[in-house]
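1. Test case, fold it:
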Amino acid sequence: MSADVYADMKQGEKGAWISIAAYIALSALKLTIGFYYQSKALQADGWNNLTDIVASMAVLIGLRISQKPPDRDHPYGHLRAETIAALIASFIMATVGIQVILSTIGSLFNGESSTPNPITGWVAVVCGAVMFVVYQYNKRLAERIRNQALMAAAQDNRSDALVSIGAAIGIFGSQIGLPWLDPLAALSVGVLICKTAWDIFRETTHTLTDGFDEAHLERLRKTVESTEGVRAIREVKARLHGSLVLVDVVVQVDPKLSLIEGHQICDDIEQSMKRKHNITHVHVHVEPMDTGTATNSGNLQGRAAH
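-> All right, here's what the predicted structure looks like:
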C-alpha cells in the first residue's frame, strides 16, 4: 500500500470530523427548538441528524482502521473496514427512521396536531444552509483525495440540507391554516431516513460481495485491449477494496515474445490503468497466444451494479 493512500485517508478524517461537529450542534438545536415550539418536522429532522452522527462516526472509524498496514491475517490491508462500518450505520439509521415514522403516524391517529412557531421554520432554513456548506467542503475534499467513503458522507450532507428545507416548507405551510403539513413533513423525513439507510445497505452489500459496475468493467477491458502487444483478453475482473479498485487481467500475447517483452506489456497495462483510471493495483497474467483463438476475444467477468 502506498504512503499516498494512507495520507489521503488521513485527510479524509478532517471531513468526517467536520460532519460530526455540525451534526452534534444542529441536532441539539433542532431537537431543543422543535420540542419547545412543538414542531414534529423539526424534531424528525433533529433525529435524522443524530443518525448522521453515527454514520459520520462509522466513516471516521472506518478510515482509522483502514490506515492499519497489511499484516499476516490481512495481506491486502484493512481497507474494507470503512465498508463494514457503513453497513452497521445503515442498520442504525433504518431503526431511527422507522421509529420516526411510527411516532408520527401515532400522533396523527391520536389527533395530535398543532401549529408550530414560525421560528422553527427559520431554524430549519438556517440549518439547511449550514449543511449545504459542509456538503460543498466534503465533496471537494473527497474529489481531491478520491475517497469514496467521504464522498458518500458528502452526499448524506446534501440530503440533510434538503431534508431541512422540506421541514421548513411543512412548518411554514402549517402557518397558513394547514397544520397537517408539519407532521406530513416529519413523515417524509422518516421515509427519507429509511431510503438513505437502504441505499447505503444496498451499496455496501454489493461491494462486500465483490460486486462491480459492469459499465466500468467494460471501460477497463477496452483499456487493456488497446495496449500494444495484447493479442487477446481471456479475462478481466475487478473488485472494490475500500476505496481502491483491484483488477485481475489475463491476456494472450505472441508466443514468440521474450520474457522481457512480455513483462513490458504487463508494465504498459499497469501504466495505462493508472493514467486513465487512477488504478494502481493491477495483477496481470500473460499467456502465449493460442493460434485457434480469435484476436481480441475474451471473457468479461464482473457482477452488474444494482
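2. ok, and the closest non-adjacent residue to I101?
-> G190 (3.8 Å; C-beta to C-beta, 6 or more residues apart in numbering). For the C-beta atoms, the positions are set from N, CA and C on the backbone; glycine is no exception.
3. Can you verify that neighbour is assigned to a helix?
-> Yes - membership of G190 in a helix is supported by DSSP: H, G, I helix; E, B strand; the rest coil.
4. Looking at it now. What's its pLDDT?
-> For G190, the model assigns a pLDDT of 80.
5. pLDDT below threshold where in this structure?
-> 1-7, 111-115, 148, 291-306 (pLDDT under 70).
6. what about the helices in it?
-> For the chain, applying DSSP state H gives helices covering 3-36, 40-66, 81-109, 118-145, 148-174, 181-208, 214-225, 259-277.
7. Ok, which of those comes nearest D290?
-> helix 259-277 (15.3 Å; C-beta to C-beta).
8. List the contacts of that closest one.
-> Helix 259-277 is contacted from outside by 219-220, 223-224, 226-230, 245, 247, 249, 251, 253, 257, 279-280, 282, 284, 286, using C-beta atoms under 8 Å, 6 or more residues apart in numbering.
9. That helix to helix 214-225, inter-axis angle?
-> 140 degrees (axes from the mean of the first three to the mean of the last three C-alpha atoms, to 10 degrees).
10. Let the chain start at 83 from now.
-> With the count now opening at 83, the last piece we talked about shows up as helix 341-359.
11. Figure out how far helix 341-359 is from the centre of its chain.
-> Relative to the chain's own centre, helix 341-359 is displaced by 30 Å; criterion: C-alpha atoms, centre = their mean, to the nearest Å.
12. CA atoms of that helix as CSV?
-> Extracted as CSV, the C-alpha positions of helix 341-359 are listed here (Å, rounded to 0.1, in the frame of the first residue of the first chain):
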residue,chain,number,x,y,z
LEU,A,341,10.2,-12.8,-21.2
ILE,A,342,11.4,-9.2,-21.1
GLU,A,343,8.9,-8.2,-23.9
GLY,A,344,6.1,-10.0,-22.1
HIS,A,345,7.0,-8.2,-18.9
GLN,A,346,7.0,-4.9,-20.8
ILE,A,347,3.4,-5.5,-21.9
CYS,A,348,2.4,-6.0,-18.2
ASP,A,349,4.1,-2.7,-17.3
ASP,A,350,2.2,-1.0,-20.2
ILE,A,351,-1.1,-2.3,-19.0
GLU,A,352,-0.4,-1.2,-15.4
GLN,A,353,0.6,2.3,-16.5
SER,A,354,-2.4,2.7,-18.7
MET,A,355,-4.7,1.7,-15.8
LYS,A,356,-3.0,4.3,-13.6
ARG,A,357,-3.1,7.0,-16.2
LYS,A,358,-6.6,6.6,-17.5
HIS,A,359,-8.5,5.2,-14.4
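13. Give me the buried positions along it.
-> Neighbour-count burial for helix 341-359, counted by 16 or more other C-beta atoms under 10 Å, picks out 344, 347-348, 350-352, 354-355, 359.
14. would you turn those into a markdown table with distance to V178?
-> Shown next, in a markdown table, are those (distance: C-beta to C-beta, whole Å):
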| residue | distance to V178 |
| --- | --- |
| G344 | 56 |
| I347 | 53 |
| C348 | 50 |
| D350 | 51 |
| I351 | 47 |
| E352 | 45 |
| S354 | 46 |
| M355 | 41 |
| H359 | 38 |
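15. Which of the residues you listed sits closest to T291?
-> Distances from T291 to the buried residues of helix 341-359, taken by C-beta to C-beta, are shortest for H359, at 22.1 Å.
16. how much space between the closest one and L322?
-> Distance, H359 to L322, by C-beta to C-beta, to the nearest Å: 13 Å.
17. what residues are up against the residue nearest to I183?
-> Taking C-beta under 8 Å, 6+ apart, we find G272 in contact with 126, 179-183, 186.
18. Then S270?
-> Contacts for S270 (C-beta under 8 Å, 6+ apart) come out as 248, 252.
19. dump the residue contacts of L145.
-> By C-beta under 8 Å, 6+ apart, the contact list for L145 reads 91-92, 94-95, 98, 164, 231.
20. for the most centrally placed residue in the chain, what are its contacts?
-> In the chain, the C-alpha nearest the mean C-alpha coordinate belongs to A234, at 3.0 Å (C-alpha atoms, centre = their mean). Applying C-beta under 8 Å, 6+ apart to A234 gives the contacts 141, 168, 282, 285.
21. Many thanks, I have nothing further to ask.
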